[in-house]
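>>> mind looking at a prediction? Sequence and model below.
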Amino acid sequence: MPGLALNLLGPLAVTVDDRPFDALHIRPTVALCVYLACCPQRHRREPLMALLWPDWPPAAAHKNLRQNLYTLRQVLPVVAARDGRGPVPLVLADHDTLQLNPDAAVDLDVDRFTALLRQDTLAATETAVASQMLLTKACRSYQLSSTTARFVNESCPSTTNVVRKSRKSG
């Protein structure tokens, strides 16, 4: 799919127009981009500063947000539009708020995974076989990094069992 694709499940992978993109490598800039993609509404700057630099003085956090927003706009100034009409700015910002452009084509693997789980919930009411097939498809789609796997093990034991079963049956 043309546009920006963020693969957050497993090792972070960023593609632009279906090509690997490695210019986005500064951690706070990546964190800002990921947060804006996962929470697409307009955000006030102060809560973003508190989220990304919780222990920093407000002036320093404001400077960091400004610098990382500048970096994000430099490395990804425009991306394909959802409607295919041409490139659009990735980030919309004013003095008080910022957000990813809702017209920008941004694809998140987390959204695809969630959609498969929603389909599974619907399928579960129909047949157990359809439900298992959708869960298996969702689980096979992702290779968990060791950090993610450790988090899943500690936080979601039932999910870990689904992942193990799908890998054994594949």
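The structure has been received and is ready for your questions.
>>> all strands for the chain, in order.
4-7, 13-16, 19-20, 43-44, 78-80, 87-89, 91-93, 97-100, 106-108 (DSSP state E).
>>> give me the helices and strands touching the first one, please.
Going back to what we said before, that points to strand 4-7. strand 13-16, helix 27-38, strand 106-108, helix 109-126 (3 or more Cβ pairs under 8 Å, 6 or more residues apart in numbering; DSSP states H and E). Where C-beta positions appear, they are placed from N, C-alpha and C, glycine not excepted.
>>> domain ranges for the chain?
Recorded structural domains for the chain (assignment: automatic domain parsing) are 4-108, 109-169.
>>> which of the helices and strands packed on strand 4-7 comes out lowest on mean pLDDT?
With a mean of 69, helix 109-126 has the lowest mean pLDDT of the helices and strands packed on strand 4-7.
>>> buried stuff in stretch 63-70?
Within stretch 63-70, the residues that count as buried by 16 or more other Cβ atoms under 10 Å are 64-65, 68-69.
>>> format those as JSON lines; extra columns: pLDDT and distance to residue 24.
Output for these, formatted as JSON lines (pLDDT from 0 to 100; distance: Cβ to Cβ, whole Å):
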{"residue": "64", "pLDDT": "96", "distance to residue 24": "16"}
{"residue": "65", "pLDDT": "96", "distance to residue 24": "16"}
{"residue": "68", "pLDDT": "95", "distance to residue 24": "11"}
{"residue": "69", "pLDDT": "96", "distance to residue 24": "13"}
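>>> which members of those residues are the farthest-apart pair?
Across the buried residues of stretch 63-70, the longest distance by Cβ to Cβ is 9.4 Å; it joins 64 and 69.
>>> common neighbours of those two, please.
With contacts defined as Cβ atoms under 8 Å, 6 or more residues apart in numbering, no residue is shared by residue 64 and residue 69.
>>> ok so, going back, including mean neighbour count, could the strands of the chain go into CSV?
What follows is the strands of the chain, written out as CSV (neighbours: other Cβ atoms under 10 Å):
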stretch, mean neighbour count
strand 4-7, 21
strand 13-16, 17
strand 19-20, 8
strand 43-44, 14
strand 78-80, 19
strand 87-89, 16
strand 91-93, 17
strand 97-100, 18
strand 106-108, 19
